[in-house]
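Participant: just need the structure, nothing else, for what follows:
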Amino acid sequence: MWSGDAVKFVLISVLMFVALQSVAAAQDPPDRAPGAVFKDCADCPEMVAIPAGRFVMGTAPGEEERENLSDQFRNRGQPRHGVDVKSFSAGKFEVTRGQYRVFAEATGRSSDGCFVWTGAEFEKDPTKDWRNPGYAQDDPHPVACVSWDDASAYVRWLSQKTGRNYRLLTEAEWEYAARAGTTTTRVWGDAGNMSCGYANGADLTAEAQVPGASNWYVANCIDRYAYTAPVGSYRANAFGLYDMLGNVWEWTQDCWNGNYSGAPMDGSAWAAGDCFLRVVRGGSWEDAPLGLRAAYRVGSPTVIRVYIRGFRVARTD
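Facilitator: As a prediction, the model looks like this:
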């Protein structure tokens, strides 16, 4: 027979083991099923587990001609190439103004202005920033007027805050996530005029309400928002991600290269090229349908803030 002290010792040991296992589970959860949604803190972005997979990256034959893309922007998505993407987690939504505000107030992150469209040219306005990008927003809207440097500072802060590896999406991860298993020009198909149930782009709402938009080429549909929409206002894609196209452009990690010659094929960020420029993806509320495409890409200086540009976060699991 065991003594009372021995039984007590065994019970305490079992309880300690269970407690330690619970702590370990909380700190290092098992691999999540694809599509699982989680948050690492109250103010953190919601994340979605994205499965590993292989996809073909770049513009399809005839796509640029069908979209009537100008010569200046053609062939940036060539050559098409297969990419193997490892599992990772992506922000369910673009980072919101409210989430960015927590970071900016905690770190004292400042802004010296934001580039806006004056009706004739892009011009830096020192009175504009993420609090006031030049149009009405509140905390559930995607943050705008943030540079690549701002976005990078945010993910570093989030990593320190949570003890997890937060970062920006690589360009390949972004396109993989935006396509969500589709091979069409856009997640809903090829037609730009079908965007309004899926994305916030230039549409009849913007044409009617945004000064100067009567001269824009817009989608012949109504998406209900002239400027940014609260994140998650439209349909999610098959991965459970919202606003991959439209709302605000999203910074990625990659250095800018004018085409895909020599691009990584393992889903990693392209660390060679013009690294003063970084790739932005997805289009925005003021972009015509040709800009709301899974393969469309532009480069931008890391230091500038633009009133239609924000970001989404990733996490290495």
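Participant: all helices for the stretch 151-300 of the chain, in order.
Facilitator: In the stretch 151-300 of the chain, the helices defined using DSSP state H, counting those that start in this stretch lie at 171-179, 204-209.
Participant: mind checking which of the ones you listed is nearest Arg297?
Facilitator: Of all the helices of the stretch 151-300 of the chain, helix 171-179 sits nearest to Arg297, with 7.2 Å by CB to CB. C-beta here means a position set from N, CA and C on the backbone, and glycine is covered the same way.
Participant: so what touches that closest one?
Facilitator: Contacts with helix 171-179, where a contact means CB atoms under 8 Å, 6 or more residues apart in numbering, come from 50, 53, 55, 57, 83, 85, 88, 90, 169, 187, 237, 239, 241, 244-245, 250, 252-254, 263-264, 267-270, 279, 281-282, 294-295, 297, 312, 314.
Participant: among the residues you listed, name the ones in strands.
Facilitator: 50, 53, 55, 57, 83, 85, 88, 90, 250, 252-254, 279, 281, 297, 314 (DSSP state E).
Participant: tell me, how many residues neighbour the nearest residue to Ala144 once chain neighbours are set aside?
Facilitator: Sequence neighbours aside, Pro133 is the residue nearest to Ala144 in space, at 4.3 Å (criterion: CB to CB, 6 or more residues apart in numbering). Neighbourhood size, Pro133 [other CB atoms under 10 Å]: 27.
Participant: do Glu63 as well
Facilitator: Here the number of neighbours of Glu63 (other CB under 10 Å) works out to 20.
Participant: Arg80 now?
Facilitator: Using other CB under 10 Å, Arg80 is surrounded by 13 other residues.
Participant: which ones are touching it?
Facilitator: Residues near Arg80 by CB under 8 Å, 6+ apart: Val56, Met57, Gly58, Thr59, Ala60, Tyr260.
Participant: show me which pair in the residues you listed is furthest apart.
Facilitator: Ala60 and Tyr260 (13.5 Å).
Participant: out of these two, which sits in the more crowded spot?
Facilitator: Using other CB under 10 Å, the more surrounded residue of Ala60 and Tyr260 is Tyr260, with 23 against 17.
Participant: contacts only, for that one.
Facilitator: Met57, Gly58, Gly77, Gln78, Pro79, Arg80, His81.
Participant: and with 10 Å instead?
Facilitator: If a contact means CB atoms under 10 Å, 6 or more residues apart in numbering, then Tyr260 has 57-59, 75-81, 83, 171-172, 270, 297 as its contacts.
Participant: verify the stated contact: the residue nearest to Ala144 with Gly310.
Facilitator: Yes: applying CB atoms under 10 Å, one finds Pro133 in contact with Gly310, separated by 9.5 Å.
Participant: which residues are common contacts for those two?
Facilitator: With contacts defined as CB under 10 Å, 6+ apart, the residues shared by Pro133 and Gly310 are Arg97, His141, Val143, Ala144, Cys145, Val146, Thr228, Val248.
Participant: adding pLDDT, write those out as CSV.
Facilitator: Output for those, formatted as CSV (pLDDT from 0 to 100):
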residue, pLDDT
Arg97, 98
His141, 98
Val143, 98
Ala144, 98
Cys145, 98
Val146, 98
Thr228, 98
Val248, 98
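Participant: closest to Val210 out of those residues?
Facilitator: Checking these one by one against Val210 (CB to CB), the nearest turns out to be Thr228, at 11.8 Å.
Participant: could you check how far the nearest residue to the closest one once chain neighbours are set aside is from Cys275?
Facilitator: Nearest residue to Thr228, sequence neighbours excluded (CB to CB, 6+ apart): His141, at 4.7 Å. For His141, the distance to Cys275 equals 30 Å [CB to CB, to the nearest Å].
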